[in-house]
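Visitor: quick check, what structure comes out for this input:
(chains A, B, C, D, E and F)
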There are 6 protein chains.
Amino acid sequence: MKDCKTKDVIWKLETNVDDCSGELLGYVMELLLDAGAKDAFYMPIYMKKNRPAYLLTVLCAEQDRKEMERILFRETTTIGIRRTQMERTILPRQIRTFASSLGEAVVKVCCFEGETWVYPEYESVRKLAKEHNLPLKEVQKLVVREAEESLNREEINV
Amino acid sequence: MKDCKTKDVIWKLETNVDDCSGELLGYVMELLLDAGAKDAFYMPIYMKKNRPAYLLTVLCAEQDRKEMERILFRETTTIGIRRTQMERTILPRQIRTFASSLGEAVVKVCCFEGETWVYPEYESVRKLAKEHNLPLKEVQKLVVREAEESLNREEINV
Amino acid sequence: MKDCKTKDVIWKLETNVDDCSGELLGYVMELLLDAGAKDAFYMPIYMKKNRPAYLLTVLCAEQDRKEMERILFRETTTIGIRRTQMERTILPRQIRTFASSLGEAVVKVCCFEGETWVYPEYESVRKLAKEHNLPLKEVQKLVVREAEESLNREEINV
Amino acid sequence: MKDCKTKDVIWKLETNVDDCSGELLGYVMELLLDAGAKDAFYMPIYMKKNRPAYLLTVLCAEQDRKEMERILFRETTTIGIRRTQMERTILPRQIRTFASSLGEAVVKVCCFEGETWVYPEYESVRKLAKEHNLPLKEVQKLVVREAEESLNREEINV
Amino acid sequence: MKDCKTKDVIWKLETNVDDCSGELLGYVMELLLDAGAKDAFYMPIYMKKNRPAYLLTVLCAEQDRKEMERILFRETTTIGIRRTQMERTILPRQIRTFASSLGEAVVKVCCFEGETWVYPEYESVRKLAKEHNLPLKEVQKLVVREAEESLNREEINV
Amino acid sequence: MKDCKTKDVIWKLETNVDDCSGELLGYVMELLLDAGAKDAFYMPIYMKKNRPAYLLTVLCAEQDRKEMERILFRETTTIGIRRTQMERTILPRQIRTFASSLGEAVVKVCCFEGETWVYPEYESVRKLAKEHNLPLKEVQKLVVREAEESLNREEINV
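Guide: Numbering: from 1, shown residues only, chains lettered A, B, ... in the order given. Presented below is the predicted three-dimensional model:
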């Protein structure tokens, strides 16, 4: 893995929601992610007539935009969806599985300017924390430590 | 009403506000909407020097942009306003008035992919709720129900 | 007006709302304030199942608590309302009307530790700003300035 | 079911978190709810040194308080947990299963001041929406409508 | 200073952060501003898996974009940064130092549509408030008042 | 250090602020902390008349309550401060300085149920990160790792 960055273009879709419940919005987030959204999230906003509301944002690829809009029009009460295109700088990442002292663990390895960083994969450390009845934060620390040692020892060219 | 979507382009104006009071910002929202903003809203943001602040956003048509900026420069303490253009996908809506069992009611009728949805107009159901001393949520439900029955019965081509 | 503080006791009612729309909550705030709430406000909260939600808070006197709960149970979908009693320290305030150069203006005068502060009443300065087509922030400043001069000149014992 | 309210007492635990990630906090919410918390939620707060942070709140019964504190001390980096006791007014609710036109559905039935309200159970309508490929909001509406008709028809004394 | 506005173009960088602590984010804001960001701020967002998270935004000039991205990749755990270009309308401002009755004070003077506004510079009024043991809000008011009188008296063409 | 928890009682002061700027509130937080507040923080709230506002919270000891109220009345525009007393469960912590490979470092050591956790002190790791031009997150990790090894090696009875 060279020390590199790549670039892509994504759509950012936005819509203000003041006439749906939070319960419904939690469901919609799940549908958007299942349908291929790169990300979907909510921000609290203050709207007219004293309305506490949310700004729903979806990040997606060009080929998924129509499907995302379809989900929003079908599932929420929105009647208008705004969009802009955004460039993105991305660090390449390598997903690596290794044998930690707690069992098989998955980490994400990134390089940037000659440095290598190891980030633990959530579902993997969550599983180990449950199995061993350990705090998640301790498992994250242990997995990163052992993954770093493993990378150094093997003089891996990531 | 065909099952269609239309597209337009709007401006999104943004400014960070950390030296106005919320009282003033409530007033400014009112001015912006009265002057033709399609929408105006606030988001809580965290700024430097421990400042709780707001991001003020205005959505408006090209012909209204100058007036929106004028209001912001005159009424708030901002000295810089950012902007981007956004495309929008919009569901056409038909505003329809009908005789509900509680009195005249207004609903918004939208079509999308062959389905027809009825959304109650806020000011209309608010008025009925006050007149009949009923919970707004019950009036919304009743108005939508009766509007849907009315649409079905009359086999309306919306 | 002596340099004093007084103390009272109020109820703080709270309920988490994840199955009402913001539109409905804007209406409920209005009902609560009309029914005598000392204050009513919303906070954005993050609930289970990815639900963006709100914590609704009402501050009220003992004699109004039952009515506030009645409004919440009738108008929202809540089925549980929490409450605690809070003590309060309050600065006495005097509402004073005086002739500003823009017309009659209303200010709130407070004393604390020998200092006197003048705060403009929102509805009063809002009216003057609209009448004279001036920025609200300039009217607030002018009204406070003239009220302070008036207090000094008359050597008023507030 | 009489038109009644009941009262209980719960603990409200609070802690400010500025040195945990959101990823960890999402996990902790799950642990707290699995361990019997009546509710657990986050609020965005502004802390010293420009820190965006969260106030974590747990609502729980007296017998569960120790376990909640144990989870917080073990899983987060907090070293202090505040608490107050709160009274609660609760509407009794009856969980009822009935045969809707889409299949078996579960609703919550509440009474207050002689009125009866029907609220759809999330997991139940979610399942029907997935099975029938219908918008959740339409399924919620249909289930409430049919449950209300069923309650009226049978002249049920809930 | 003519009554004018100018226009420029800036980059808006964005990244969602759910695996950093608020403590770290407070530090990163400081680094970004020290490195020349025009502004850097956080918004609370709701992400998948019940994660309370933040949207980090940086506003910067074209020539600083690479350095801002470098800071974000090095210091946070982000592996992707989105960006859009935004136009900006800016009011020219003149920084003016004058002798207030409390000591030397700095204000920002802006013109717009023939009106001149004076805004107090934070660090300057903060210093005076500390030196004289006065409330900051009173010092702000006094400094603006005296700066306005000074501008009028001298018939300054700002 | 025994595996223990202690208990104390603190005051929680609250006030809603809709007529101060964020700039002023950032200053007030600093004053409160300098005057001995255990913590001071803001929450975004939605108030009447479309006002984005803040709930200011101060946590303090009984002997500091009067001074906190004095700061709030003098520096903000509030005219009422609510308060409740809260119990607290606290983990004892030991501040320990040790020689890390990057230089002297300070950590907080806590015990709970037989486990020992090490948390890095922010100002200490911040200083090392600046001196060595390293990412703060890497310094935090290194300092914790070396502190844990040091604790284990010396078989310290913390």
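Visitor: which bits of chain A sit near chain B?
Guide: A:14, A:16, A:19, A:43-49, A:53, A:55, A:69-70, A:73-74, A:77, A:79-84 (Cβ under 8 Å from any Cβ of the partner chain). Placement of C-beta: from N, CA and C, glycine included.
Visitor: got the residue ranges for the helices in chain A?
Guide: A:22-34, A:65-75, A:122-132, A:136-153 (DSSP state H).
Visitor: just these: most buried one?
Guide: Mean neighbours per residue, mean count of other Cβ atoms under 10 Å in any protein chain shown, is largest over the helices of chain A for helix A:22-34, with a mean of 21.
Visitor: that one near chain F anywhere?
Guide: No: using Cβ under 8 Å from any Cβ, helix A:22-34 stays clear of chain F, coming no nearer than 14.4 Å.
Visitor: do that helix and chain E meet?
Guide: Yes: counting by Cβ under 8 Å from any Cβ, contacts between helix A:22-34 and chain E involve A:Met29, A:Glu30, A:Leu33.
Visitor: and if you look at stretch A:125-144?
Guide: No: Stretch A:125-144 does not reach chain E (Cβ under 8 Å from any Cβ); its nearest approach is 9.3 Å.
Visitor: kindly report the residues of chain A close to chain E.
Guide: Within reach of chain E by Cβ under 8 Å from any Cβ, chain A has these residues: A:10, A:12, A:29-30, A:33, A:39-44, A:54, A:59, A:84-91, A:93, A:108, A:110, A:112-113, A:115, A:117, A:119, A:122.
Visitor: out of the helices of chain A, flag the one nearest D:Lys127.
Guide: Counting by Cβ to Cβ, D:Lys127 lies closest to helix A:22-34 out of those; the figure is 11.5 Å.
Visitor: ok, A:Lys5 - how many residues close by?
Guide: Residues lying near A:Lys5 (other Cβ atoms under 10 Å in any protein chain shown) number 18.
Visitor: for beta bridges, what are the partners of the residue nearest to it when sequence neighbours are not counted?
Guide: Counting by Cβ to Cβ, 6 or more residues apart in numbering or on different chains, A:Thr89 is the residue found nearest to A:Lys5 once chain neighbours are left out, at 5.2 Å. In this entry, A:Thr89 is beta-bridged to A:Lys7, E:Ile81, by DSSP bridges.
Visitor: look up how far E:Phe41 lies from A:Thr89.
Guide: Distance, A:Thr89 to E:Phe41, using Cβ to Cβ, to the nearest Å: 20 Å.
Visitor: compare the two (neighbour count), which wins?
Guide: More crowded of A:Thr89 and E:Phe41, by other Cβ under 10 Å: E:Phe41, with 24 against 21.
Visitor: the more buried one contacts E:Leu55, doesn't it?
Guide: No: checked against Cβ atoms under 8 Å, the pair E:Phe41 and E:Leu55 is beyond contact range at 9.1 Å.
Visitor: so what does the lowest-mean-pLDDT helix or strand in chain A touch, helix or strand wise?
Guide: Across the helices and strands of chain A, the lowest-confidence element by mean pLDDT, DSSP states H and E is strand A:115-120, at a mean of 90. Helices and strands touching strand A:115-120, by 3 or more Cβ pairs under 8 Å, 6 or more residues apart in numbering or on different chains; DSSP states H and E, are strand A:103-112, helix A:136-153.
Visitor: low-confidence stretches in chain A?
Guide: A:1-4, A:155-158 (pLDDT under 70).
Visitor: residue furthest from the geometric center of it?
Guide: A:Lys49 (33.8 Å; Cα atoms, centre = their mean).
Visitor: how about the backbone phi and psi for the closest residue to A:Glu67 other than its chain neighbours?
Guide: The shortest distance from A:Glu67 to any non-neighbouring residue, by Cβ to Cβ, 6+ apart, is to A:Ala35 (5.5 Å). A:Ala35 adopts backbone torsions of phi -90, psi 10, taken as degrees, to the nearest 10.
Visitor: show me the contacts for A:Ala35.
Guide: A:Asp64, A:Glu67, A:Met68, A:Ile71 (Cβ atoms under 8 Å, 6 or more residues apart in numbering or on different chains).
Visitor: so how far is F:Lys5 from the first one?
Guide: The span separating A:Asp64 from F:Lys5 equals 50 Å under the rule Cβ to Cβ.
Visitor: report how many residues lie close to A:Ile95.
Guide: 10.
Visitor: touching, it and A:Glu121? I think so.
Guide: Yes: using Cβ under 8 Å, A:Ile95 is in contact with A:Glu121, at 7.2 Å.
Visitor: what touches both of these two?
Guide: With Cβ under 8 Å, 6+ apart, A:Ile95 and A:Glu121 have common neighbours A:Val106, A:Val107, A:Lys108.
Visitor: give me the number of residues near the first one?
Guide: Right, A:Val106. Neighbours of A:Val106 (other Cβ under 10 Å): 19.
Visitor: same check, this time on the second one
Guide: Burial of A:Val107 is recorded as 25 neighbouring residues (other Cβ under 10 Å).
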